[in-house]
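Chemist: mind folding the following:
(one chain, ligands or ions: 1)
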Amino acid sequence: MKNKKRAVIALLLCAALLLCACGSKAAAPKGERANVSSDTLYVRKIENLPEDFILGMDVSSVLAEERSGVKYYDFDGEEKDLFAILAANGINMIRVRVWNDPYDSAGHGYGGGNNDIDAAVEIGRRAAANGMKLLVDFHYSDFWADPGKQFAPKAWEGMTIEEKTEAAYAFTKESLEKLRDANVDVGMVQLGNETNGALAGEKTWFNIQYIMGAGAKAVREVFPEALVAVHFANPENAESYASYAKKLDYYALDYDVFASSYYPYWHGTLENLAAVLGNIAEQYGKKVMVMETSYAFTPDDSDFSGNTISDGSAVVKNYPYTVQGQANSVRDVIETVNAIGGIGVVYWEGAWITVGTNSREENSEKWERDGSGWAASWAAAYDPKDAGKYYGGSAVDNQAFFDAQGHAIESLKLFSLVRTGNEIEPAVDALEDARVRFDLSAEIVLPGTVDAVMTDGSRRPVDVTWQISDTQIAEMKSAPGVYEIAGEADGRSVRCFVTMAELNFLQNGGFEDGAADPWELIDRGGADELGVEKNKLNSLDGDCNLHFWGAKSGSIDFDAEQTAEGLAPGTYKFRVSIQGGDAGEAEIYAYVRLDGEVIATAPLAITSYNNWSTAEIRDIPYAEGQTLTVGVHVKCAGEGNGAWGMIDEAILNAQT
Ligand code: CA
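Modeler: Numbers count the residues shown, from 1 in each chain. Next up, the predicted model:
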């Protein structure tokens, strides 16, 4: 059946080519990939990528975007149907989300494209007209379903699981019949969206599998050749994935594809993704794929509605937020999935761009009217806590394959170029900002090179010149803080962040070595935990702190101290900070010992999380040959969960 279909398509293509040859300037044949080439985009070829490997694109928002006046342009600058542009650049499947009833009682759309089945029919029709199959993503909800929410459709409220199962079957069947009647080429149907242990308000696998089973039954009846998929998020949690697959196997759910979202910012490494999906494919004999992925081509927002990824977001490995970085990230996801025998990768919302560049007010009117933002205010009726509060525009306009004016950007070509490769001479794609740290009294020497990320993803150092004046240096030496210095390398601007810190005669004063050494920990109470913790949020500065916890009352009773080396005779000051909780009756202080004798103490207190208490001991005399030791004494009689806390930023400095 499949082969026969292919033969028919081939015949049609031949006919189309003949027609093209006769007519002048006729449109490209449907579904035919144009010859894609690029002078600037580096794409390493993916070996052994099957012709039928799914390179999909979710464009669920497209109809709403078009209602808001968005237009799309190809690489020649010609306005074209989005679907034609995607097909010409190697996309072979279109994904669309389907909500049961994304409207309030007055008929206002919730937004996010207002994607009901009628929208899916229209999108499917246009996909088919351009030779692409449709992947139908039933959320079995009236609005967004993801690991955080799986609300039942309004019409299913209060139903028993039996009634819900029947409703799921009826809804799926009726929806698919509409698609079939419109001659949409449905290639795959997924039963729920990111269904991590919940679906349509059901939270037990016993109930979830009933709804999924009803959906699967309807798919088999209406589109017997389509693949049935289940879809989860958070592959970084391997145990969860293994448990989902096991449950589905236990209940013998009728499905073909185990699919995962993979957003590089949040979902672990590609190696982990390969291992997790590879195991499921092998153990249960299922096809696997990435159902959603995306990557930012710029940190900048263009629609006055905040994005999930922006300037402060941590860059993943060697993928800067550039057009090339976006292409490299997606290319590597495709390679990873293909290498484990997976069947495809779908990019999420590659065309959800801004509906205007003038103001948030102007855009907001369109989002409300057309449903072209992620949520409209009308969604409050269904999802008051999230959409009803934070409704707005596109959170992924900087992860599209089109710029703010709707012009295709070079990275879109990757879907075609991964098959042929485009291994041009690598060039500098992005520069990495430099970060250095100095004591206030030290000479400031800025790095001579910065790291460049090349278009092929490799790194190399490039020479840099910094714009820094004597006045600026004097200012930096006068006060601790982080200073930003502008520089230039390879004709681009780059920054150096210089942390100026007080001179510290203690070693590892902020525990940034990741271990306590050379601090001496004298544990009298038998703490459950006493050691260096790497956790930026729990630290006063940097990434690490000295963490302690003891469940039993009295188990927190310790000193942490260090003897200073290489001090010149003079007067010194010692400062240290602590935070924590559940201390109960406590005796906490900083101390200074000179030649074995405590000469000064200063009280510290543990109150609550993130409430740092700082002690400073001044006027510490030091003469040649003496031994100066500084430390923190912590003794708590806390009950219940036991005392806990963090010590950080111990500084011993000359007092001037
Ligand atoms: Ca935005």
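Chemist: check the closest residue in space to A605 that isn't next to it in sequence and give its pLDDT.
Modeler: Using C-beta to C-beta, 6 or more residues apart in numbering and skipping residues adjacent in sequence, the residue nearest A605 is S613, 4.6 Å away. C-betas here are computed from N, CA, C, even on glycine. Note for S613: predicted pLDDT of 96.
Chemist: next, count neighbours for S613.
Modeler: Neighbourhood size, S613 [other C-beta atoms under 10 Å]: 17.
Chemist: with Y284 instead?
Modeler: With other C-beta under 10 Å as criterion, Y284 counts 14.
Chemist: flag the shaky bits of the stretch 501-650 of the chain, pLDDT-wise.
Modeler: 639-641 (pLDDT under 70).
Chemist: who's the residue nearest to A605 bridged to?
Modeler: Counting by DSSP bridges, S613 is bridged to I578.
Chemist: one more: E292?
Modeler: Beta-bridge partners of E292, counted by DSSP bridges, are S261.
Chemist: where's it relative to the ion, distance?
Modeler: To the ion, E292 is 18 Å away according to C-beta to the ion, to the nearest Å.
Chemist: can you pull the contacts of that residue?
Modeler: Shown in contact with E292 (C-beta atoms under 8 Å, 6 or more residues apart in numbering): 58, 261-263, 346-348.
Chemist: neighbour count for those residues - can I get that in CSV?
Modeler: As requested, the contacts of E292 are arranged in CSV below (neighbours: other C-beta atoms under 10 Å):
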residue, neighbour count
D58, 24
S261, 23
Y262, 28
Y263, 22
V346, 25
Y347, 29
W348, 22
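Chemist: any buried residues in stretch 71-84, and which?
Modeler: By 16 or more other C-beta atoms under 10 Å, the buried positions in stretch 71-84 come out as 72-75, 80-84.
Chemist: same check, this time on stretch 276-287
Modeler: Quick answer for stretch 276-287 (16+ other C-beta under 10 Å): 276-281, 286-287.
Chemist: taking the stretch 151-300 of the chain, what residue is nearest to the ion?
Modeler: Closest residue of the stretch 151-300 of the chain to the ion, C-beta to the ion: D300 (9.3 Å).
Chemist: what about that residue, how many neighbours?
Modeler: For D300, the count of nearby residues is 13 (other C-beta under 10 Å).
Chemist: in three-state terms, label it for me.
Modeler: Secondary structure for D300, judged by DSSP: H, G, I helix; E, B strand; the rest coil, is coil.
Chemist: need the per-residue pLDDT for the closest residue to it other than its chain neighbours.
Modeler: Using C-beta to C-beta, 6+ apart and skipping the chain neighbours, the partner closest in space to D300 is N398 (6.1 Å). On the pLDDT scale, N398 is placed at 98.
Chemist: go ahead and confirm N398 touches N307.
Modeler: Yes. Between N398 and N307 there is a contact under C-beta atoms under 8 Å: 5.3 Å.
Chemist: spit out the residues that contact those two alike.
Modeler: Common contacts of N398 and N307, defined by C-beta under 8 Å, 6+ apart, comprise 296, 301.
Chemist: need phi/psi at the residue nearest in space to the middle of the chain.
Modeler: Using C-alpha atoms, centre = their mean, the residue of the chain that lies closest to the mean C-alpha position is Y265, 2.9 Å off. Torsion angles at Y265 (phi, psi; degrees, to the nearest 10) stand at phi -70, psi -30.
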